[in-house]
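Visitor: Everything below, folded, please.
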Amino acid sequence: MFSSFKNEGNRKNIIILFLSFSIFIFAYISFINGINNHYAMFYDQTRDWRIASNSSLNLTGTQIATGGTSFGPIFYWILHFIYHYIGPFFNYLPHTAVYGMGFISALSYSFLFYVFSKNFYSSIIFIFGIFILYITSPIISSIGSTSWNPNLAAAFVNFSFGMGILFKIFDNGFTNQNRMIFILYVIITWFSVQCHSPALFFVFASFLFVFLKTNGKNLKIKFVLYIIILIFILQIPHLIHLYQNLNVINDYNRGTSKAFERFFLFQGAYGQGFLFIFEASFNILFKQSKLYPFILVYLYLLFVFIFKKEARTSLTKFSFLFILISYHCYSSLPPATRSDYLLLSSVFPLSLSPLILAYHYFIFPKNLKYFIQIISVIAIIYFVPTRISQKDSGFDYYKTIVSSSRQIFDSHKEIKDIVYPKFHLPLDTTLVYEGFGGKVNKQSNIVAYVDMNGQITYK
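Guide: From the prediction side, this is the model:
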């Protein structure tokens with residue numbers, strides 16, 4: 001009997017590992033497919049790639065639209081590593097960033113799938129379908145093919161969320177036994193904020209939940225001390241940056257500080273918080289603005305939580321806490337800054353995790369549950385080609401920029417400038433040329449002009 005249980009366990013592990021690897025491959029290919037021909041090398045992407053090219057490490061994060069910068073440098077440090085250690089194999093071309101960042105994102109999807117499959121194995125087919133739905137979201141897959149910082153924020157949120165479940169941090173809180181894994185958990189969680197400040201909502205909900213699950217006054221005090229010390233250490237580069245550039249503190253007053261003020265003083269537009277979360281989540285996943293689907297998911301999850309004892313898990317409780325905190329946080333944002341992309345980092349724990357839980361604790365007969373599982377996955381797979389076709393095609397002129405920059409470099413190792421046609425966003429015209437080894441010298445007399453067809457003239 002023991003042998004049969006062991007064999008059954010081995011079979012399950014093999015299935016989970018195989019499907020986890022499949023999720024990784026599928027996600028990674030969806031991010032990098034054709035990226036060398038249509039990478040969107042506009043303002044944020046080229047700005048960040050040029051910053052990463054510096055020999056010294058950046059001390060702070062990317063610019064926040066409402067003022068200031070993200071609260072730490074991990075995004076630029078990862079991009080710095082990609083530029084200097086992967087870039088040489090691809091002539092430092094800007095799309096190389098997606099090779100590295102897409103790998104991290106795909107790995108986070110695979111890890112999260114592994115965690116959910118281990119915990120809800122009887123629903124593994126449905127979970128697999130949900131991850132395919134997640135990866136093929138036209139918005140997520142389009143943004144995943146850029147080197148935008150919300151991608152890394154989402155990856156760290158996924159890693160953090162998975163660690164909280166896998167290592168029972170959500171179940172047991174902080175303990176003396178899980179101290180080392182807890183330290184890693186805090187670091188990974190905080191990295192999400194350093195990449196993209198809206199991840200702060202997930203971080204706040206996670207730390208609050210783990211604090212509430214921690215037993216005993218002494219352990220709670222230790223928990224708070226660990227959080228303060230670890231975050232302080234992680235923030236040292238950012239604090240050095242602020243100290244060296246005191247004037248940038250005023251940048252946060254344009255809107256970022258106002259959002260925090262509205263948050264702490266409960267001055268949010270509370271009629272809009274849920275509307276934004278549910279509509280934006282559905283739009284991110286399906287490219288349609290609908291309010292009711294995820295409302296129904298949460299109402300059903302609340303129903304089974306009340307009437308089904310086995311549904312009263314830590315993960316279900318976290319889902320309710322997170323949606324309430326997100327409601328307050330997004331209500332506190334100035335309406336003009338409340339954009340769908342703010343949800344990118346937390347769309348899985350906020351929307352898809354509750355959907356998986358609602359299915360797993362389905363209260364109707366098992367045969368009906370399995371029928372829904374099979375039909376859902378078939379429908380998701382059937383619509384994969386359509387969803388992939390809705391992915392933003394990117395910037396098709398990128399391949400012309402690469403080929404023309406190569407030609408210019410082959411004939412002129414030093415130029416004054418390269419002029420391309422005007423586009424809707426700023427373009428760093430010499431970035432690719434410099435990647436090939438070209439030098440920009442404002443004292444040079446040579447300016448290269450490239451038209452829409454890639455024809456080059458020199459003046």
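Visitor: Can you pull the domain assignment for the chain?
Guide: Under the assignment automatic domain parsing, the domains of the chain span 2-389, 399-458.
Visitor: Return the set of buried residues in stretch 366-378.
Guide: Buried positions in stretch 366-378, judged by neighbour count with 16 or more other Cβ atoms under 10 Å: 369, 373, 376, 377. The way it works is simple: take the backbone N, C-alpha and C, and place the C-beta from them, glycine included.
Visitor: could those go into a markdown table alongside distance to residue 435, secondary structure and pLDDT?
Guide: A markdown table is the format used below for the buried residues of stretch 366-378 (distance: Cβ to Cβ, whole Å; DSSP: H, G, I helix; E, B strand; the rest coil; pLDDT from 0 to 100):
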| residue | distance to residue 435 | secondary structure | pLDDT |
| --- | --- | --- | --- |
| 369 | 53 | helix | 84 |
| 373 | 48 | helix | 88 |
| 376 | 45 | helix | 90 |
| 377 | 43 | helix | 91 |
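Visitor: ok, so of those, who is nearest residue 342?
Guide: Among the buried residues of stretch 366-378, residue 376 lies closest to residue 342 (Cβ to Cβ), at 28.0 Å.
Visitor: in terms of contact, does the closest one touch residue 126 like I think?
Guide: Yes. Counting by Cβ atoms under 8 Å, residue 376 sits close enough to residue 126 to count as a contact (6.1 Å).
Visitor: residues touching residue 413, list them.
Guide: 437, 438, 439 (Cβ atoms under 8 Å, 6 or more residues apart in numbering).
Visitor: I'd say the first one and residue 406 touch.
Guide: Read it as residue 437. No. Contact criterion Cβ under 8 Å: residue 437 and residue 406 do not qualify, at 10.4 Å.
Visitor: and these two? which has more neighbours close in?
Guide: The residue with more neighbours, out of residue 437 and residue 406, is residue 406; 17 against 10, by other Cβ atoms under 10 Å.
Visitor: and the more buried one, what does it touch?
Guide: residue 436.
Visitor: show me what contacts the spatially closest residue to residue 414 that is not a sequence neighbour?
Guide: Leaving aside its sequence neighbours, residue 414 sits nearest to residue 439 (Cβ to Cβ, 6 or more residues apart in numbering; 4.4 Å). Residues counted as contacts of residue 439 (Cβ under 8 Å, 6+ apart) are 413, 414, 415.
Visitor: Contact partners for residue 99?
Guide: Taking Cβ under 8 Å, 6+ apart, one finds 32, 35, 82, 86, 90 in contact with residue 99.
Visitor: can you rerun that using 7 Å?
Guide: 32, 86 (Cβ atoms under 7 Å, 6 or more residues apart in numbering).
Visitor: Repeat that for the one 4 residues further on.
Guide: For residue 103, the contacting residues are residue 28, by Cβ under 7 Å, 6+ apart.
Visitor: And the next helix or strand past the helix or strand harbouring it?
Guide: In this structure, residue 103 sits in helix 96-119 according to DSSP states H and E. Downstream of helix 96-119, the first helix or strand assigned by DSSP H and E is helix 124-135.
Visitor: Would you mind listing the buried residues in that next one?
Guide: Buried-residue list, helix 124-135, by 16+ other Cβ under 10 Å: 124, 126, 127, 128, 129, 130, 131, 132, 133, 134, 135.
Visitor: Next, give me the two most distant ones among these.
Guide: 124 and 135 (16.3 Å).
Visitor: Return the subset of the contacts of residue 439 lying in strands.
Guide: Members of the contacts of residue 439 lying in strands (criterion: DSSP state E): 414, 415.
Visitor: Using JSON lines, lay out the contacts of residue 439 together with distance to residue 220.
Guide: Below are the contacts of residue 439 laid out as JSON lines (distance: Cβ to Cβ, whole Å):
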{"residue": "413", "distance to residue 220": "63"}
{"residue": "414", "distance to residue 220": "63"}
{"residue": "415", "distance to residue 220": "62"}
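Visitor: from the contacts of residue 439, which is closest to residue 39?
Guide: residue 415 (22.4 Å).
Visitor: The closest one: what's its closest spatial neighbour, skipping adjacent residues?
Guide: residue 446 (4.6 Å).
Visitor: follow-up on the earlier one: CSV please, covering the buried residues of helix 124-135 and showing pLDDT and distance to residue 327.
Guide: Formatted as CSV, the entries for these read as follows, by pLDDT from 0 to 100; distance: Cβ to Cβ, whole Å:
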residue, pLDDT, distance to residue 327
124, 95, 31
126, 95, 27
127, 96, 26
128, 96, 30
129, 96, 28
130, 96, 23
131, 97, 26
132, 96, 28
133, 95, 24
134, 95, 22
135, 96, 27
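Visitor: tell me which of those is nearest to residue 160?
Guide: residue 134 (16.5 Å).
Visitor: Compute the number of surrounding residues for the closest residue to that closest one other than its chain neighbours.
Guide: Leaving aside its chain neighbours, residue 134 sits nearest to residue 352 (6.0 Å; criterion: Cβ to Cβ, 6+ apart). Counted with other Cβ under 10 Å, the neighbours of residue 352 add up to 21.
Visitor: Pull the residues that contact stretch 33-48.
Guide: 62, 79, 94-95, 98, 145-148, 393-396, 398-399, 425-428, 431.
Visitor: which parts of the helix or strand hosting residue 51 are buried?
Guide: Per DSSP H and E, residue 51 falls inside helix 43-52. For helix 43-52, the neighbour count (16+ other Cβ under 10 Å) marks 44, 45, 46, 48, 49, 51, 52 as buried.
Visitor: What mean pLDDT does it get?
Guide: Helix 43-52 shows a mean pLDDT of 90 in the predicted model.
Visitor: what do you get for stretch 233-247?
Guide: The model assigns stretch 233-247 a mean pLDDT of 89.
Visitor: for the chain, what are the low-confidence residue spans?
Guide: For the chain, applying pLDDT under 70 flags the ranges 1-6, 65-67, 249-271, 334-337.
Visitor: Which single helix of it contains the most residues?
Guide: Looking across the chain with DSSP state H, the single longest helix is helix 2-32.
Visitor: name the helices or strands packed onto that one?
Guide: helix 96-119, helix 124-135 (3 or more Cβ pairs under 7 Å, 6 or more residues apart in numbering; DSSP states H and E).
Visitor: now these as TSV including distance to residue 141?
Guide: Formatted as TSV, the helices and strands packed on helix 2-32 follow (distance: least, Cβ to Cβ, whole Å):
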stretch	distance to residue 141
helix 96-119	10
helix 124-135	7
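Visitor: For residue 227, which of those is the nearest?
Guide: Closest to residue 227 of those, according to Cβ to Cβ: helix 96-119, at 22.4 Å.
Visitor: Buried ones in that closest one, by neighbour count?
Guide: 96-118.
Visitor: Same check on stretch 195-205?
Guide: 195, 196, 197, 198, 199, 200, 201, 202, 203, 204, 205.
Visitor: for it, how far is the first residue from the last?
Guide: For stretch 195-205, the first and last residues are 17 Å from each other (Cα to Cα, to the nearest Å).
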